[in-house]
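[1] Below is the sequence, then the predicted model.
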Amino acid sequence: DAGVTQSPTHLIKTRGQQVTLRCSPISGHKSVSWYQQVLGQGPQFIFQYYEKEERGRGNFPDRFSARQFPNYSSELNVNALLLGDSALYLCASSARNSNYGYTFGSGTRLTVV
Amino acid sequence: QQQVKQSPQSLIVQKGGISIINCAYENTAFDYFPWYQQFPGKGPALLIAIRPDVSEKKEGRFTISFNKSAKQFSLHIMDSQPGDSATYFCAASKNNDMRFGAGTRLTVKP
């Protein structure tokens, strides 16, 4: 079975640009969460979606937005990129509206120059 | 935003030894405490998890010890192997919000 898949794996963007990251959850999983992992730190919670509705939001600015599609895949969008947005962006899926039994993808490495 | 403190930052253990990583949390509302293992270039993988109504959980060589009154929990890796070399994260969660520690880089020397 395919795990959580994220695309692209690596991305380089310029300050001020916009970026869209994509995530496909494990088949049958209806919950998708996004995390930001800065080098040398633990992941930080950005968003959680369940059944296409936002169910949780971390302490991130409005430049960060996300959505979930009818097939439960998800996109994370970041506008007006800053150098500090450089990080590994992780997507995790679970079967229920909770983070119990999360499965993480391998992430998208975003570099802002 | 970090409400989970993890120590040590790095740990070197000889093959066959015991690796111990400690975490402390602040929010008593947390009700789920997982440990994740992360290899370079990969996302975190769930290793073992515990709920606050038990004091210990063991799965193979991995054991979580949980002290609710002290708001502390720890991961013990028995008979550590070079293949265990990775970064380990503790986390604490309530509903849809999971807070991670800063991570411990474990190196197991052969």
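    Cool, the structure landed. Numbering: from 1, shown residues only, chains lettered A, B, ... in the order given.

[2] contacts for the longest strand anywhere in chain B?
    For chain B, the strand with the greatest residue count under DSSP state E is strand B:86-94. Strand B:86-94 has contacts (CB atoms under 8 Å, 6 or more residues apart in numbering or on different chains) with A:42-43, A:99-100, B:3-4, B:6, B:21, B:23, B:25, B:27, B:29-39, B:44, B:47, B:73, B:75, B:98-101, B:103-106. No exception for glycine: its C-beta is placed from N, CA and C like everyone else's.

[3] What of stretch A:78-86?
    Stretch A:78-86 is contacted from outside by A:13-19, A:21, A:38, A:63-65, A:110-113, using CB under 8 Å, 6+ apart.

[4] Check stretch B:68-75 too.
    So stretch B:68-75 is in contact with B:19-26, B:28, B:33, B:35, B:47-48, B:50, B:52, B:55, B:62-67, B:88, B:90, going by CB under 8 Å, 6+ apart.

[5] so how far is it off the chain centroid?
    Centroid displacement of stretch B:68-75 relative to its chain, using CA atoms, centre = their mean, to the nearest Å, is 11 Å.

[6] who does residue 89 bridge with?
    Let's take chain A. When bridges are called by DSSP bridges, residue A:89 pairs up with residue A:36, residue A:108.

[7] nope, chain B please
    Beta-bridge partners, per DSSP bridges, of residue B:89: residue B:36.

[8] How many neighbouring residues does it have?
    By other CB atoms under 10 Å in any protein chain shown, the residues close to residue B:89 number 26.

[9] What strand or helix carries residue A:41?
    Applying DSSP states H and E as the criterion places residue A:41 outside every helix and strand.

[10] if I read this right, it contacts residue B:103, doesn't it?
    Yes: between residue A:41 and residue B:103 there is a contact at 7.0 Å, judged by CB atoms under 8 Å.

[11] Please enumerate the strands of chain B.
    Counting by DSSP E, the strands of chain B are B:4-7, B:10-14, B:19-25, B:33-38, B:45-50, B:56-59, B:62-67, B:72-77, B:86-94, B:97-100, B:104-109.

[12] Show me which of the contacts of stretch B:68-75 are buried.
    Burial by neighbour count, judged by 16 or more other CB atoms under 10 Å in any protein chain shown, picks out B:19-25, B:33, B:35, B:47-48, B:50, B:52, B:62-66, B:88, B:90 from the contacts of stretch B:68-75.

[13] Contacts only, for residue A:96.
    A:30, A:31, A:50.

[14] Would you check which of the residues you listed are in contact with chain B?
    residue A:50 (CB under 8 Å from any CB of the partner chain).

[15] Throw the contacts of residue A:96 into CSV and include neighbour count and pLDDT, thanks.
    Formatted as CSV, the contacts of residue A:96 follow (neighbours: other CB atoms under 10 Å in any protein chain shown; pLDDT from 0 to 100):
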residue, neighbour count, pLDDT
A:30, 16, 93
A:31, 26, 93
A:50, 20, 92
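
[16] Let me have the contacts of residue A:96 in CSV, extended by secondary structure and distance to residue A:72.
    Converted to CSV, the contacts of residue A:96 look like this (DSSP: H, G, I helix; E, B strand; the rest coil; distance: CB to CB, whole Å):
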residue, secondary structure, distance to residue A:72
A:30, coil, 5
A:31, strand, 8
A:50, strand, 9
